[in-house]
Structures are given as structure tokens and as C-alpha cells.
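**Student:** Provided below for reference: sequence and predicted model.
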Amino acid sequence: MKVDLNSDLGESFGRYKLGLDEEVMKYISSANVATGWHAGDPIVMRKTVRLAKENGVAVGAHPGYPDLLGFGRRYMKLSSEEARNYVLYQIGALYAFTKAEGLELQHVKPHGALYNALVKDEELARAVIEGIADFDKNLIFVTLSGSRAAEVAEEMGVKVAHEVFADRAYNPDGTLVSRSKPGAVIHDKKGIAERVISMVKDGGVEAINGEWVELKVDTICVHGDNPKAVEIAAHVRKALEGEGVKVVPMKEFVR
């Protein structure tokens, strides 16, 4: 049994530092690197790509809305043309640094509000996926497990990695509980590890109301900006390997 462990990294900007990238990178197999629109800048991007290379971690683009002030967590109304080209532009920016460091770009995972919007907005999902395919049809599209966006990508012939979240609570419909609600983000490392094992081995997780939610699991996200990010990432990886689950980059098994 194989699974990918990913984290959103490279989200510092200018003089401002966010996240514990150097430490989290030791425990993951794939890094989603911010591409400058919700966070990140050219110096941070190259530093993060280089750090991934040093740790043998696969690299993916983490494009978002053009919203530095809101950290990409505010919804924006985009036309299909805008969404397609915004994503293509940001992939290209990160590609410059992976090419400079002699790495391949593995995947694309939209960030924040954009990620959540395309889960149910088929038109937006199609535009984002077209932007990915414009750059390289072999890139893996990372999206919420069981979402309409995943179905659209499969219909379009684009590789999909179904993603689950180790430290986020779920609604009964399989979507994530809004960060504005109590209990949306989970901090207990033991509870997180138990949820992850349930997701991988039982194919689902208990929703915030107690209902069972079935999930397909290719990659598990551990947020790098969680105050206990390093501790959680280390504990999750140890728990997975203790259950005989191999943690490897998604490109090794997503077809």
C-alpha cells in the first residue's frame, strides 16, 4: 500500500516568514510550492525548490487567486479565460525554478479559496484543468477526494490525485468544514494519526456530525502553517509506516 504525504510550503513573502518548511520537508514526499499570487516570491520559490531537491521531495505548483493581502482565502469571480491563464502563468513561474534546479514538476494543487471553489464549480474546474493541460498533460491535478473537479479531470484525460486532509474536519458531503467554524482545524497529533490510518485503510473518515464519509486516498495534506506542523507530520508518517503503508511521491502510483 502506497500513499503520498504533501504540505503547502514556500508561503513566506519578502521579510515575512510563514511556516516551518525546513523541518516539515523532512517528513513529506511532495511539496506544494506557492507561486507568488497568494504567497511566495522569487527568492522563496527558488529556496523552497532547492530545499525539496535536497530532501528528495517531489515538487508541485500551488497556484491561487491574485490575493496577497487575503492569502488567497477570499473568493473571486473569474471568467474561464482568466482562470485558465492565471493557472498557466503561475505554473510557468514555478517551472522556471524547477528547471533551474534540474527537477521535474510533478503536480498542480490549487490553493485556498480557488481550491474550494472548483470542488463544486464545474466550469471553473474545467478552466483550471485546461490551464494545467496547456502546460503539460502529464502533470497530476490534486483535488479534494470524491469531488466533481476530480471527475471532470478524469473525463478530460488528466491524471488526478484524490486528496484528503489530516488536520481538517469534514462535512457529511465530503467537503471541508469552513475554517471559520469551531473544530474545523484539528491539532491533536494522536487524533490526526488515527484519522489518517482510518482514511487509508478503511477508505473513509467520521464527519463532524458523526456520519461516515467514504474517501479515495492518494495524497494526504498536512498543513505547514499549523503551529504543530512538524510534530504532526512526523507523527503521521510514523503511524503510516507502522501500518505498513509506504510514503512515496504520488507520481510513483498515480496513473
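**Tutor:** Alright, I've got the coordinates. Numbering: from 1, shown residues only.
**Student:** So what sits opposite residue 9 in the bridge?
**Tutor:** residue 33 (DSSP bridges).
**Student:** Start the count at 59 instead of 1 going forward.
**Tutor:** Right, with 59 as the first residue, what we last looked at is residue 67.
**Student:** Touching, it and residue 81? I think so.
**Tutor:** No. Taking C-beta atoms under 8 Å as the definition, residue 67 is not a contact partner of residue 81, at 10.7 Å. (Each C-beta comes from the backbone N, C-alpha and C, glycine too.)
**Student:** Looking at the two, which one has more neighbours?
**Tutor:** residue 67 (33 against 14; other C-beta atoms under 10 Å).
**Student:** three-state assignment of the residue of the chain positioned farthest from its centre?
**Tutor:** The outermost residue of the chain relative to its centre, with distances by C-alpha atoms, centre = their mean, is residue 268 at 25.3 Å. Using DSSP: H, G, I helix; E, B strand; the rest coil, the structure places residue 268 in coil.
**Student:** got a list of what the residue positioned nearest the centre of the chain touches?
**Tutor:** In the chain, the C-alpha nearest the mean C-alpha coordinate belongs to residue 167, at 5.0 Å (C-alpha atoms, centre = their mean). Residues near residue 167 by C-beta atoms under 8 Å, 6 or more residues apart in numbering: 64, 66, 90, 118-120, 173, 199-201, 221.
**Student:** same check, this time on residue 216
**Tutor:** 187, 190-191, 195, 197, 199 are the contacts of residue 216 under C-beta under 8 Å, 6+ apart.
**Student:** in the stretch 159-308 of the chain, which spans are strands?
**Tutor:** 163-166, 198-202, 218-223, 262-264, 270-272, 277-279, 304-305 (DSSP state E, counting those that start in this stretch).
**Student:** Quick one: closest of the ones you listed to residue 60.
**Tutor:** strand 304-305 (4.7 Å; C-beta to C-beta).
**Student:** can you tell me how far the residue nearest to the centre of the chain sits from residue 72?
**Tutor:** Applying C-beta to C-beta, to the nearest Å, the value for residue 167 to residue 72 is 23 Å.
**Student:** How about residue 281?
**Tutor:** Counting by C-beta to C-beta, the gap from residue 281 to residue 72 is 21 Å.
**Student:** The closest residue to residue 191 other than its chain neighbours and residue 187: what is the separation?
**Tutor:** Once flanking residues are discounted, residue 191 sits nearest to residue 216: 5.7 Å by C-beta to C-beta, 6 or more residues apart in numbering. Here the criterion is C-beta to C-beta. By it, residue 216 lies 6 Å from residue 187.
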